[in-house]
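Peer 1: Provided below for reference: sequence and predicted model.
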Amino acid sequence: MFRVSKKLGAALATAAVATLALAACSAPAESEDGPVELTYFTWSDATAVAQAEALVEAFTAENPDITVTLDANPGGAEGDNLVKTRLSTGEMSDVMAYNSGSLLQALNPEATLVDLSDEPWMADVDEDFRTSVSAGEGVYGAPTGTAQAGGVIYSKKIYDELGLTVPATWDEFMANNQVIADAGIVPFYQAYGDGWTSQLTVLGSFANVTSADPDWATEYTAGQRRYAEEPAFQSFQHLQDVAEAGFFNENFPSATNDDAMAALVDGTAAHYPMLTSVALSNLRQNFPDAMQDMGVFPVPADDAADTALTIWEPNAIYIPKTTEGAKLEAAKKFVAFFNSEKGCELQNETEPGGPYVISTCTLPDDVAPMVTDVQQWVEDGKSGLALEFISPIKGPNLEGILVEVGSKITTAEEGAAAYDEDVKKQAQQLGLEGW
């Protein structure tokens, strides 16, 4: 059985709360060792909560001696601070959902999380994902959901109507934008009302950087490369290019991610740089009939040979070291269930944003075209990991810096230099050599 913590509050819809409250009325069934109660710290957005509810219900049906209570992570900077605080004070839930990659490294996983490298399911996990949840000799997380891409979400209908083809270079992309603008359609939607969205033009270009310079991330981590230099500077310049060309929507300072997706659906915008899982989640919730009309392609590089789709590894679930004894064994069962046959089936009910990173889960046959696009770029060998999965360094102020570049408050050169200083401070805090 499962229960909902009061901490979820308004994050759950009334109907969901009512359903879960009824499930909480009976006591957990007895097992040989007695009932075990777990708490699961998960994201508080509607999609994550709905998936967590379904997974917990199925898990506790198979394990009636275990009770699981959901606990809410508000996400964003507030959520990051909450995770760090609760881990440092020993007050974290028994199982927690959190990011993989560079944000995980800031949690000092070797000191705070249980090493899962010897769990049987780990042999089925993709090597890139294992790397993204590793520190030292340990591997600390199991994947939840699919990988996703960061690129240009585009309206296939507008491309068909205007006779456009997917661009291979930045010049081709800008030419497409001009055709779109001449047709009275917004070429490149920006949504700085949700400031985090400003990062996708730069972060979504990173596979282009490694295509041009495979050693860039390693040398960057060692303090030898900078965003103010090519090939990484290209993405800052591209953001300035589209801003100066007047290709943004007029309300870009206040527009939101929801506004952007609505504009793509109603045909008033053609392009929007975004993560595929975010776009698909919005479409699934608000515009399910439009999912077939949307695709994704990489943020193009100057050179077609360098154009590649940037891939984000899935989030993961972890077990804090404060989970011990019978709780630890129950927590390991819970973690393993996520990528079991039933767990995979339930994860497929939430629109996948790309390929799975564990062989026990496979995509359904009827995935959205956006997912098919991602899979094709991956299979063609024209993809690469986002920087946060191959370097621990990500400056905290990129969002604000790129809002200023996109708003023509600062130049691309000034923005890239500012981000290099931002990154330097963070690298020094991490104690990295070369900074």
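Peer 2: Nice, thanks for sending it over.

Peer 1: Tell me which helix or strand comes right after the helix or strand of the chain with the lowest mean pLDDT.
Peer 2: In the chain, no helix or strand scores lower on mean pLDDT, DSSP states H and E than helix 14-23, which sits at a mean of 33. The helix or strand immediately downstream of helix 14-23 is strand 36-43, counting by DSSP states H and E.

Peer 1: Neighbouring strands of that following strand in the sheet, and parallel or not?
Peer 2: Strand pairing for strand 36-43, using DSSP bridges, gives strand 66-73 (parallel), strand 95-98 (parallel).

Peer 1: Out of those, which gets nearest to residue 359?
Peer 2: strand 95-98 (21.4 Å; Cβ to Cβ). C-betas here are computed from N, CA, C, even on glycine.

Peer 1: now that closest one: how far from the chain's centre is it?
Peer 2: Counting by Cα atoms, centre = their mean, to the nearest Å, strand 95-98 is centred 14 Å from the centre of its parent chain.

Peer 1: coming back round to it: let's have the strands paired with strand 36-43 in JSON lines, adding mean neighbour count.
Peer 2: Formatted as JSON lines, the strands paired with strand 36-43 follow (neighbours: other Cβ atoms under 10 Å):
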{"stretch": "strand 66-73", "mean neighbour count": "24"}
{"stretch": "strand 95-98", "mean neighbour count": "25"}
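
Peer 1: could you dump these to TSV with mean pLDDT?
Peer 2: TSV is the format used below for the strands paired with strand 36-43 (pLDDT from 0 to 100):
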stretch	mean pLDDT
strand 66-73	93
strand 95-98	96
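
Peer 1: closest one to residue 186 among those?
Peer 2: strand 66-73 (34.0 Å).

Peer 1: Give me the neighbour count for the nearest residue to residue 112 once chain neighbours are set aside.
Peer 2: Once flanking residues are discounted, residue 112 sits nearest to residue 87: 4.7 Å by Cβ to Cβ, 6 or more residues apart in numbering. When neighbours are defined as other Cβ atoms under 10 Å, residue 87 has 22 of them.

Peer 1: what's the distance between residue 87 and residue 41?
Peer 2: Distance, residue 87 to residue 41, using Cβ to Cβ, to the nearest Å: 10 Å.

Peer 1: Which stretches in this protein count as strands?
Peer 2: Residue ranges of the strands in the chain, as given by DSSP state E, are 2-4, 36-43, 66-73, 95-98, 134-135, 138-139, 142-144, 148-155, 186-188, 269-275, 294-297, 309-312, 315-318, 383-385.

Peer 1: Select from the ones you listed the stretch with the lowest mean pLDDT.
Peer 2: The minimum mean pLDDT among these belongs to strand 2-4 (a mean of 37).

Peer 1: Residue 413 and residue 427, how far apart?
Peer 2: From residue 413 to residue 427 the distance is 21 Å (Cβ to Cβ).

Peer 1: Distance to residue 233 for the strands of the chain - can I get that in JSON lines?
Peer 2: Shown next, in JSON lines, are the strands of the chain (distance: least, Cβ to Cβ, whole Å):
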{"stretch": "strand 2-4", "distance to residue 233": "48"}
{"stretch": "strand 36-43", "distance to residue 233": "34"}
{"stretch": "strand 66-73", "distance to residue 233": "35"}
{"stretch": "strand 95-98", "distance to residue 233": "31"}
{"stretch": "strand 134-135", "distance to residue 233": "30"}
{"stretch": "strand 138-139", "distance to residue 233": "34"}
{"stretch": "strand 142-144", "distance to residue 233": "33"}
{"stretch": "strand 148-155", "distance to residue 233": "18"}
{"stretch": "strand 186-188", "distance to residue 233": "19"}
{"stretch": "strand 269-275", "distance to residue 233": "17"}
{"stretch": "strand 294-297", "distance to residue 233": "22"}
{"stretch": "strand 309-312", "distance to residue 233": "16"}
{"stretch": "strand 315-318", "distance to residue 233": "30"}
{"stretch": "strand 383-385", "distance to residue 233": "18"}
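
Peer 1: Indicate which one of those strands is closest to residue 58.
Peer 2: The nearest among those, by Cβ to Cβ, is strand 2-4 at 10.0 Å.
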